[in-house]
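1. The sequence isn't on hand, but the structure is:
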């Protein structure tokens, strides 16, 4: 069923670059930085909201990519997915290590809706449209569960509480929703 | 525990979105190692999540680039994993990460104050076959800075013995057990990893089992154990016992391996 679509060209071969980075090539790292810094900073900021903190975490993530480039294995997935997994995980770790109360206060104090961030976006318009189109194809519960989990960094029990549904329901909605998104966006893996 | 497994499988999505607790993550990653279908599904979901990230890319402040590039010159890189090393989890291990972006000790390995003894173990072990070293998880071994000297030396002797024989088996509680035996030395090194964690009132106990009965080889406390006076035909078993261990096994072994 999967067919090749005109993708937004992922210009340099990121996986190849990471191989060079693993051998200590600083020039290759600059190229990888150019590819990855926007999505890394974007996803970290989406989760953390606070720009200063996001910058700090994004720096840590990018340095981590330098440090652990040798551990990237292209047989196990794309280089972008590897890097963005590190980024999202690190952002979520930061959220969870903080006091939940102070975080909520902070969020209430300086609301910064995701849409504003996205409007600043330089690189991501096309991808953004696709994601939105595919999100529209989900049920309301699937969509909300995925957004709260990924973009807000909530755990599935937190998502369940926010949406007032059972734990098991959230787990299956997240899974089913992601499978639908995967097929809708014609993700290859 | 079929119900449990199905329940775990539903976690693929939450796992891919980092929406689970650390405890669940560890449990799920153990499950992943034995579930190729789950792993494939997680892989597809990770790629999907990456698209969600790409969709919200934001150009970072320009100063960030200089800071990160400068930091790379001060940061040592990790060596590649060897192909024979047991499979790592899909996700990056948090414990390996440097905490702050700017100057620091760069390698997590150097953070361990290793004594002369453990260094010697690491060196000896490096001389052993790659399979043996990998099976024992030698980095873990070298990080054990409290290894008692005699035991460390004895373990190294078995692992590097010319007739060292390696057997590995999965346990019924997840993870695996590796036994390295030297028939000439009549000793075996038992090393377990990834088994389900137990409440503080219980412990895993290792037994040398022969037709005449079972004798204890010690309790599993995270590092390798040495079993002495083993004979061909003996088997190594692991059971769950009360925290202080028992004189003889009281439960069905979670794994049994020949020496």
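-> Looks like it arrived, so ask away. Values in this document were obtained by computation on a predicted structure and should not be read as measured data.

2. ok, which stretches of chain B are strands?
-> B:165-170, B:176-182, B:187-193, B:202-210, B:213-219, B:225-227, B:235-242, B:255-258 (DSSP state E).

3. possible to save those as CSV with distance to chain A and mean neighbour count?
-> C-betas here are computed from N, CA, C, even on glycine. CSV is the format used below for the strands of chain B (distance: least, Cβ to the nearest Cβ, whole Å; neighbours: other Cβ atoms under 10 Å in any protein chain shown):
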stretch, distance to chain A, mean neighbour count
strand B:165-170, 22, 15
strand B:176-182, 20, 23
strand B:187-193, 19, 24
strand B:202-210, 27, 21
strand B:213-219, 33, 16
strand B:225-227, 30, 21
strand B:235-242, 28, 20
strand B:255-258, 28, 18
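
4. Export those to JSON lines and append columns for mean pLDDT.
-> Shown next, in JSON lines, are the strands of chain B (pLDDT from 0 to 100):
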{"stretch": "strand B:165-170", "mean pLDDT": "79"}
{"stretch": "strand B:176-182", "mean pLDDT": "82"}
{"stretch": "strand B:187-193", "mean pLDDT": "83"}
{"stretch": "strand B:202-210", "mean pLDDT": "89"}
{"stretch": "strand B:213-219", "mean pLDDT": "88"}
{"stretch": "strand B:225-227", "mean pLDDT": "83"}
{"stretch": "strand B:235-242", "mean pLDDT": "90"}
{"stretch": "strand B:255-258", "mean pLDDT": "87"}
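
5. what's the closest of those to residue A:87?
-> strand B:187-193 (28.5 Å; Cβ to Cβ).

6. Determine the angle, from 0 to 180 degrees, between that closest one and strand B:213-219.
-> 60 degrees (axes from the mean of the first three to the mean of the last three Cα atoms, to 10 degrees).

7. what lines up beside strand B:187-193 in the sheet?
-> Strand B:187-193 pairs in its sheet with strand B:176-182 (antiparallel), strand B:225-227 (antiparallel), by DSSP bridges.

8. Could you dump those strands into TSV with distance to residue B:33 added?
-> Below are these laid out as TSV (distance: least, Cβ to Cβ, whole Å):
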stretch	distance to residue B:33
strand B:176-182	9
strand B:225-227	23
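
9. got the contact list for the closest residue to residue B:253 other than its chain neighbours?
-> Nearest residue to residue B:253, sequence neighbours excluded (Cβ to Cβ, 6 or more residues apart in numbering or on different chains): residue B:237, at 4.0 Å. Shown in contact with residue B:237 (Cβ atoms under 8 Å, 6 or more residues apart in numbering or on different chains): B:206-207, B:209, B:214, B:249, B:253, B:255-257.

10. next one: residue B:170
-> With contact set as Cβ under 8 Å, 6+ apart, residue B:170 has these partners: B:34, B:176, B:255.

11. What count of nearby residues applies to the first one?
-> What it means is residue B:34. Residues near residue B:34, counting by other Cβ atoms under 10 Å in any protein chain shown, number 13.

12. Grab the nearest non-local neighbour of it.
-> residue B:170 (7.3 Å).

13. what does the last one give?
-> By the measure of Cβ to Cβ, 6+ apart, the closest residue to residue B:255 outside its immediate chain neighbours is residue B:171, 4.0 Å from it.
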